[in-house]
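*Asks:* for reference, the sequence and a predicted model appear below.
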Amino acid sequence: MLAETSKQMRPPPRGEALAGKPVIWYRRVTASEVVMCLLMAAYGAAFYSGISQYWFHPGWTTDDALQQVYPFHEVLHPQIFKDDITTEVMKGYLAPAHYYLCYAITWLVGDPIMMSHWVMLIQVILTLSLLFAAVRCAAGTVPAFFAVTWLLHSRNLMQRITGGLPRGWAPPIFCAFLFFALSGRHRAVLVTIFLGCLLNPPATLVVAGAYGLLLIWRVATARGDEVASAKRRLIELFICSPIFALTTLGVVNRPESVGQMVTFSEASRMADFASGGRFPFLPFKPAISEIRTFGLEAFVARFYDPPEFVRSAMPFVVLGGLVMLGARGRRRRRTTLPAEIVLLGVSALSVYFLSRVFAFKLYVPNRHLQIPLAVFFVSIFSIGLWRAFHRGEPGRWADSRWSVAWPSALALVVCGSIVFVGSSLGLVGTLNFNYSADKKGWMFAWLRSNTPESSFIAGHPTHLDGVQLFAVRRGYVTTETTHPFYTGYYAEMRRRNEISLRAHYSGSLRELVDILEPEGITHFIFRRDDFYPGALQKTKFFASYKDLLTPLLSRPEEDYAYRQLPVSVDMERYPFMPFKDHYSTIIDVKALKGFLEKNPSWSGREEKK
């Protein structure tokens, strides 16, 4: 009876799955599947344990969330960032489907930070589920468990999902494409591409290219009745392409006040893209160097320093492994490297090289390597090794009985060992949860509780980074939101940076008021560390501001506005300084102006005596 049931439950041949017939999900469980499931569960528990104190904690987020999560405070405070150029530009990074999903979740949970954690959870679940489904469809349950564990181990990829940002949709898009393409679901791939245009256009460009190449390949290699079906699918993709292109253009287009994305030639002349700049991308590193660094992160993690010979040999091991799988499949007359996955890798590399030519119109080049190639390597080796060494009939990959699957299981163990040598356990760090509500003391909490919603806050740009997200107040300019990619926007941000730095290192409180008042700034925050003995000589900012900062930092230590402030908070005597802690001193600009008008000779030195 069991033998008959087992025979009935064998998976359909590969050709049947690709023909669009449903993939059967089997109930029979083997020892191999149980072992791999337990290993995956154990690693998943260790993965979560390492970040449990940060994930779903309302005080923790990632630095990029300081740019792209704070606009959702408008859900609960509709006028809080009205007519704020920074907010308008940051919202421009939020593709429509991502924006409206986040808007709805924020409305439900009542907090943008918690919303970002829920979106992250959705992105993680989709990524792992779709990868599991793709590998299981093409090879079986055991390699699917292995692939999910490996992806969790790929720390560099997983931390790109942290914070529930638009870039976190890239892994689900790639995995969805693989699943639908491997299972022959043509319409589902088209829907994936369309939704991808509304979620993450750079990732979708890679997927669209991969699917176009795949359909061309199918037309070229189809035989008999398959020719008409392959041509029809290619024509449908061709017809849908203008819709995809127009949708993407609508998503990435920016208003005239912001300006369009800088060209490569323009960026080459900007210090902000050079060494010491805000985004030191130029000159580009050699392509082979970037591919080794960002393309092989599934094997060599940047958070782990393996022996140099391991790092040097890994590209040859990986390339040799792919060649071996292809050769073994050819010898055994079975497909070990599915075209769907191979062409995803080809498309990713193609878009990467195009982005080096058309930077930054096609986004930052190395981003086209980091996520797609991690998904590529995890899926192709998980599937390829299982197929290449499986002792069963071609197409019967789901049979995980030890008698036919032990060579495949051993091959996965060898692969896992190589990954371990290059990246250890992969459980290092906080998964990029690197910014907390109290990282700069309690100034953000104080601002949120003690200032009007219409307040306009300035200070040292880096010290001010969390003001929009944690204080829920408009920030004059912050380092995180100083993006040089759009000419019109960056011209204004550079002007504001210069004003903020002049104010921070101003020579007197009266000069401070004169600088800030015309900008409509209501509160200014001094970063206290900058004025400790000997600190001014060590102060650094981006290289493009060197000419501005050199004279500002060359004064004697006593000749700064900060040195004229009272020693402690005393609202009766000094109403202009309502807050001071170890990190920050907050100044009420209007109150300071009134105080100086009543005390024209004030220098602060008498109070210190």
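*Replies:* Okay, I see it.
*Asks:* what about the spatially most central residue of the chain, distance to residue 504?
*Replies:* Residue closest to the average C-alpha location in the chain (CA atoms, centre = their mean): residue 160, at 3.6 Å. The gap separating residue 160 from residue 504 is 33 Å, by CB to CB, to the nearest Å. Heads up, the C-betas are built off the backbone N, CA and C, glycines and all.
*Asks:* go on, residue 319?
*Replies:* Taking CB to CB, one finds residue 319 at 52 Å from residue 504.
*Asks:* ok, the two, which is more surrounded?
*Replies:* When residue 319 and residue 504 are compared for neighbours, residue 504 comes out ahead with 25 against 10, by other CB atoms under 10 Å.
*Asks:* got a list of what the more buried one touches?
*Replies:* Residues in contact with residue 504, defined by CB atoms under 8 Å, 6 or more residues apart in numbering, are 459, 460, 526, 527, 530.
*Asks:* now the last one: closest residue in space that isn't a chain neighbour?
*Replies:* What that stands for is residue 530. Leaving aside its chain neighbours, residue 530 sits nearest to residue 539 (5.8 Å; criterion: CB to CB, 6 or more residues apart in numbering).
*Asks:* try residue 525
*Replies:* Using CB to CB, 6+ apart, the closest residue to residue 525 is residue 459 (3.3 Å).
*Asks:* contacts only, for that neighbour.
*Replies:* Residue 459 neighbours (CB under 8 Å, 6+ apart): 467, 476, 500, 504, 524, 525, 526, 527, 584.
*Asks:* now those residues as TSV including distance to residue 189 and pLDDT?
*Replies:* Below are the contacts of residue 459 laid out as TSV (distance: CB to CB, whole Å; pLDDT from 0 to 100):
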residue	distance to residue 189	pLDDT
467	43	96
476	46	96
500	48	96
504	53	96
524	53	97
525	50	97
526	55	96
527	51	94
584	52	95
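*Asks:* so which of these belong to strands?
*Replies:* 524, 525, 526, 527, 584 (DSSP state E).
*Asks:* neighbours of the second one, how many?
*Replies:* Meaning residue 525. Applying other CB under 10 Å, we find 25 other residues in the vicinity of residue 525.
*Asks:* and it, how far is that from residue 286?
*Replies:* Taking CB to CB, one finds residue 525 at 42 Å from residue 286.
*Asks:* for the fourth one, same thing?
*Replies:* Residue 527 sits 38 Å away from residue 286, going by CB to CB.
*Asks:* and the two? which has more neighbours close in?
*Replies:* Between residue 527 and residue 286, counted using other CB under 10 Å, the more crowded position is residue 527 (21 against 9).
*Asks:* so the more buried one makes contact with residue 583?
*Replies:* Yes: contact criterion CB atoms under 8 Å: residue 527 and residue 583 qualify, at 7.2 Å.
*Asks:* any shared contact partners between those two?
*Replies:* By CB under 8 Å, 6+ apart, the residues touching both residue 527 and residue 583 are residue 463.
*Asks:* got the domain ranges for this protein?
*Replies:* 29-58+94-253+284-423, 438-608 (automatic domain parsing).
*Asks:* hey, which of those domains is tucked in deepest?
*Replies:* Across the domains of the chain, the average number of neighbours (mean count of other CB atoms under 10 Å) peaks for domain 29-58+94-253+284-423, which reaches a mean of 19.
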